[in-house]
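Q: got a predicted structure here, sequence first:
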Amino acid sequence: MLRRQLLHFGAFTLGGLPVSLVQAQGGTQKKLVVVMLRGAVDGLSVVAPYGESEYAASRPQIALAAPGAEDGLIKLDSLFGLHPSLAPLKRHWDGGQLAFVHASGSPDPTRSHFDAQDYFESGTPGRKSTPDGWMNRLLSALPGEPAPTRAISQGSTPPRIFAGTASVASLGLGPNAMQRRAIDDPQMQAGLAKLYANDAQLSGTLRDTTQGRGEMSRSMAAGEGKSMDPSADAGAPSARSFAADARRLGTLIRKDAHTQLAFTAVGGWDTHVNQGAARGQLANRLASLGEGLDALSVGLGDTYKDTVIVVVSEFGRTLRQNGNGGTDHGRGNVIWLLGGPVAGGQVLGEWPGLDGSALADGRDLAVRTDFRQVLAPLLQRHLGLSETALATVFPQAPQTWRYADKLLRT
């Protein structure tokens, strides 16, 4: 029972030590936060191609109105508009800190949520045998001094993306995320240390766990913990609860000088029925997401200038609405990039168009940009990953990094 308790509160794997990186360039610490939208969000509603006639014609009930109309899109350019529920992010777009890469996704054609999420998190589309996640490989590939909170996963379940030999700290959800547990008791720690003294793996996990929880608790105890929204998380997150969790994560990243990588996920995007347009099911969830992402930036504070936030989903949804007022599993989607280093105010990507001849399988937005072609340049230019290290994070990835000179500020 003690062993299970240790594993629950400790690292997601038993092997390896956590590693911390403080960038040598100017002494600043570059940070990466990945937000995964599980369930396949409708990218054609997030960043809607209102400039194409096929968009509204294919979605008679759920298409968003053009910018300027009632409940209309927020204009990004002459082709694309942002869903009106994402209005909290408009200031980031106007400030040049928000960009999108459209018609992006996985080269694997699966429409299985399980497989597509696995392929994104492993970083090896089409290959199910990969044992670890790409963010764990990234954690191991970056140089630096050891620290127990260099990588943080927020949520109640260890994600595939952090599976591997490098230890990862865990931050729960809700205002009691860092409440004291049995593992925090010094007598419990001493007993476990004695019990596992002859087991290098378990004693290492115990050390990582106790140090990580102690460091996170000290960081969160300074000041802003009392002003956090105290609402509880019950079921799908509301705008209020998601914003509180996101701000809590941002605050922890800002207060803990060792933290460089973080991952969190938001569910509820599988809108087969009654998706809605400017109002309804999807609009409500996007409002929660937009408020949460803005709250994350507020929590990051001054460190926002050194942080890139990447928002992804496993695949997109069909161009045409179905008979239930929703959309089904599709292919191409949109990757969001948010943060101080981002060269924002632009929609990137090779746009294939929505003409029937351009659709994947005659029904979906085509994938023209492999998700690794977006992530790889970020790892190199933002985190300083070498070519050799990059090859371990994304093995067998495309050799051409799309938009490498356009994603980040020079």
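A: Cool, the structure landed.
Q: all strands of the stretch 151-300 of the chain, in order?
A: Taking DSSP state E, counting those that start in this stretch as the test, the strands found in the stretch 151-300 of the chain are 151-154, 169-171, 261-266.
Q: next, format those strands as a markdown table and append mean neighbour count, mean pLDDT and distance to V367.
A: All C-beta atoms are positioned from the backbone trio N, CA, C, and that covers glycine. Output for the strands of the stretch 151-300 of the chain, formatted as a markdown table (neighbours: other C-beta atoms under 10 Å; pLDDT from 0 to 100; distance: least, C-beta to C-beta, whole Å):
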| stretch | mean neighbour count | mean pLDDT | distance to V367 |
| --- | --- | --- | --- |
| strand 151-154 | 24 | 95 | 27 |
| strand 169-171 | 24 | 93 | 32 |
| strand 261-266 | 23 | 95 | 21 |
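Q: what secondary structure does V334 sit in?
A: strand (DSSP: H, G, I helix; E, B strand; the rest coil).
Q: picking up where we left off before, so which of the strands of the stretch 151-300 of the chain gets nearest G323?
A: Taking C-beta to C-beta, strand 261-266 is the member of those nearest to G323, at 27.4 Å.
Q: give me the contacts around the closest one.
A: 31-38, 135, 138-139, 150-155, 159, 161-162, 237, 242, 245-246, 249, 253, 288-289, 292 (C-beta atoms under 8 Å, 6 or more residues apart in numbering).
Q: tell me which of those residues fall in helices.
A: In helices, defined here by DSSP state H, the members of these are M135, L138, L139, F242, D245, A246, L249, I253, S288, L289, G292.
Q: pLDDT-wise, what's the bottom of the residues you listed?
A: The member of those with the lowest pLDDT is F242, at 82.
Q: so what's the residue count around the nearest residue to that one once chain neighbours are set aside?
A: Distances taken as C-beta to C-beta, 6 or more residues apart in numbering place G292 nearest to F242, at 4.0 Å, with adjacent residues excluded. With neighbours defined by other C-beta atoms under 10 Å, the count for G292 comes to 27.
Q: go on, G126?
A: Look at G126: counted by other C-beta under 10 Å, it has 12 neighbours.
Q: pLDDT wise, what is it at?
A: 97.
Q: shouldn't it be in contact with D115?
A: No. If you go by C-beta atoms under 8 Å, G126 and D115 don't touch, sitting 9.1 Å apart.
Q: low pLDDT regions in the stretch 151-300 of the chain?
A: Counting by pLDDT under 70, the ranges of the stretch 151-300 of the chain that qualify are 175-240.
Q: one more time with 90
A: Within the stretch 151-300 of the chain, the set of residues satisfying pLDDT under 90 comprises 155-157, 172-243.
Q: which residues do G126 and D115 both contact?
A: The contact lists of G126 and D115 share D108, where a contact means C-beta under 8 Å, 6+ apart.
Q: okay, the ones in helices among the contacts of strand 261-266 in CSV with distance to P84 next?
A: Converted to CSV, the ones in helices among the contacts of strand 261-266 look like this (distance: C-beta to C-beta, whole Å):
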residue, distance to P84
M135, 32
L138, 35
L139, 38
F242, 18
D245, 24
A246, 20
L249, 26
I253, 29
S288, 14
L289, 13
G292, 17
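Q: in the stretch 201-350 of the chain, which spans are helices?
A: Residue ranges of the helices in the stretch 201-350 of the chain, as given by DSSP state H, counting those that start in this stretch, are 239-255, 281-300.
Q: is it possible to get TSV of those helices that adds distance to H102?
A: Shown next, in TSV, are these (distance: least, C-beta to C-beta, whole Å):
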stretch	distance to H102
helix 239-255	24
helix 281-300	16
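Q: send the alpha carbons of stretch 103-121 over as PDB?
A: Output of stretch 103-121 as PDB, limited to C-alpha atoms (Å, rounded to 0.1, in the frame of the first residue of the first chain):
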ATOM      1  CA  ALA A 103      -4.600  22.900 -42.000                       C
ATOM      2  CA  SER A 104      -2.200  21.100 -39.600                       C
ATOM      3  CA  GLY A 105      -2.300  17.800 -37.900                       C
ATOM      4  CA  SER A 106      -1.000  14.200 -38.000                       C
ATOM      5  CA  PRO A 107       0.000  12.500 -41.300                       C
ATOM      6  CA  ASP A 108      -1.700   9.400 -40.000                       C
ATOM      7  CA  PRO A 109      -5.300   9.200 -41.300                       C
ATOM      8  CA  THR A 110      -6.900   7.600 -38.200                       C
ATOM      9  CA  ARG A 111     -10.100   9.000 -36.900                       C
ATOM     10  CA  SER A 112      -9.800   7.100 -33.600                       C
ATOM     11  CA  HIS A 113      -9.500   9.400 -30.600                       C
ATOM     12  CA  PHE A 114      -7.400   6.900 -28.800                       C
ATOM     13  CA  ASP A 115      -4.900   6.300 -31.600                       C
ATOM     14  CA  ALA A 116      -4.700   9.900 -32.700                       C
ATOM     15  CA  GLN A 117      -4.000  11.100 -29.200                       C
ATOM     16  CA  ASP A 118      -1.400   8.400 -28.700                       C
ATOM     17  CA  TYR A 119       0.300   9.300 -31.900                       C
ATOM     18  CA  PHE A 120       0.500  13.000 -31.000                       C
ATOM     19  CA  GLU A 121       1.700  12.300 -27.400                       C
END
